[in-house]
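A.B. asks: quick one: sequence and predicted model below, then my questions.
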Amino acid sequence: SNRWLVVVLDIFALHGGLAFLFLVLLPVSGDVSYSIPEEMKRGSVIGNIATDLGLDMARLTARKARIDTEDNNVKYCSVNLNTGELVVQERIDREGLCAKKASCVVKQELVLENPLELHRINIRVQDINDNSPQFKEESLKFEIRESAGKGARFMLDEAHDGDIGENTVQGYSLQQNDHFKLNIKSKGSGRKYGELILDKELDREDKKEIVLLLTAFDGGSPQRSGTVVIHVIVLDANDNVPCVHLGWQLVHDRAGPQSCSRRLSGVQSDRGGRGLRPELLAVVSYSEIH
């Protein structure tokens with residue numbers, strides 16, 4: 001059964017200052033729905049709209065069949081008047097149209113004249129895996145003191161993917177290394193992120209910097225991935241005891257020519273204020289007793 005579209009025309013008469021309201025009933029003969037993947041090439045066939053609506057294909061030209069849009073939006077498709085096919089006219093990018101919405105529907109209208117007839121067209125746009133996971137930064141930097149205990153955790157920035165469902169980020173992997181392992185967690189929204197867990201204690205005197213590669217991957221086919229470099233700077237801790245070296249050195253001073261003294265010098269592996277500079281720590285004088 002046909003439905004009717006009500007169009008209200010508000011006309012103001014210049015002579016006499018009278019206003020008139022006209023109600024025009026336009027027949028809406030039925031909807032038709034299609035489901036297509038995004039990013040179909042221009043000219044690709046969506047479906048045969050003449051057949052699907054039971055229209056007389058021979059009269060499409062005479063009735064000036066054309067596609068219109070609601071609210072003057074983009075005309076994403078057009079009608080081939082010779083075949084009755086609905087074809088892609090403009091790029092249909094799901095992410096650009098609907099972002100992260102679970103459902104994405106493009107609404108168009110088929111208009112025919114003599115008599116005037118409207119058909120609503122609902123085009124459901126399906127997501128394809130056309131985006132790779134991406135990190136906000138090109139590299140991540142952590143400064144970790146070498147005294148950090150095993151099991152210490154460090155939250156990593158999550159990767160983002162313009163796609164939805166299985167085509168968005170599904171997990172992460174960490175480059176094989178001696179000190180860290182990766183733990184994957186989920187937020188309330190279902191988005192996944194990673195944590196670095198210290199698995200082996202750090203030693204700045206052995207390694208001052210550690211470079212790791214973190215990979216984010218989606219669940220699409222073919223699978224897409226993105227990477228970020230992690231720089232771990234190992235900070236010094238006061239974990240080295242000064243080592244004192246003893247040595248004999250003759251010192252000619254007021255104690256007399258037969259006196260000698262012992263010079264003590266110390267060195268330490270730690271940096272900054274914690275490290276000792278090689279220097280004279282003490283002088284102990286001895287005199288020969290006759």
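C.D. replies: That came through fine.
A.B. asks: for residue 108, helix, strand, or coil?
C.D. replies: Put simply, residue 108 is strand when judged by DSSP: H, G, I helix; E, B strand; the rest coil.
A.B. asks: need the contact list for it.
C.D. replies: Shown in contact with residue 108 (CB atoms under 8 Å, 6 or more residues apart in numbering): 67, 68, 69, 70, 75, 76, 77, 120, 121, 123. (Each C-beta comes from the backbone N, C-alpha and C, glycine too.)
A.B. asks: what's the answer for residue 90, then?
C.D. replies: Contact analysis of residue 90 by CB under 8 Å, 6+ apart lists 42, 74, 75, 76, 77.
A.B. asks: quick one: the third one from residue 85, how far?
C.D. replies: Which is residue 75. Using CB to CB, to the nearest Å, we find residue 75 at a distance of 15 Å from residue 85.
A.B. asks: so between the two, which is more surrounded?
C.D. replies: residue 85 (19 against 14; other CB atoms under 10 Å).
A.B. asks: picking up where we left off before, pick out the most distant pair among the contacts of residue 90.
C.D. replies: 42 and 74 (12.9 Å; CB to CB).
A.B. asks: ok, residue 158 to residue 137 distance?
C.D. replies: 11 Å.
A.B. asks: an error on my part: the question was meant for residue 104.
C.D. replies: Taking CB to CB as the measure, residue 104 falls 30 Å from residue 137.
A.B. asks: which one of these two is surrounded by more residues?
C.D. replies: residue 104 (19 against 9).
A.B. asks: these two touch, right, the more buried one and residue 98?
C.D. replies: Yes: using CB atoms under 8 Å, residue 104 is in contact with residue 98, at 3.6 Å.
A.B. asks: so what sits against both of those two?
C.D. replies: Between them, residue 104 and residue 98 share the contacting residues residue 125, judged by CB under 8 Å, 6+ apart.
A.B. asks: for the stretch 151-290 of the chain, give me the ranges with low pLDDT.
C.D. replies: 238-290 (pLDDT under 70).
A.B. asks: centre-most residue in this protein?
C.D. replies: Nearest to the mean C-alpha position of the chain, counting by CA atoms, centre = their mean, stands residue 160 at 1.6 Å.
A.B. asks: so who does that one touch?
C.D. replies: Residues in contact with residue 160, defined by CB under 8 Å, 6+ apart, are 133, 134, 135, 136, 169.
A.B. asks: ok, of the residues you listed, which come out buried?
C.D. replies: Neighbour-count burial (16 or more other CB atoms under 10 Å) applied to those gives 133, 135, 169.
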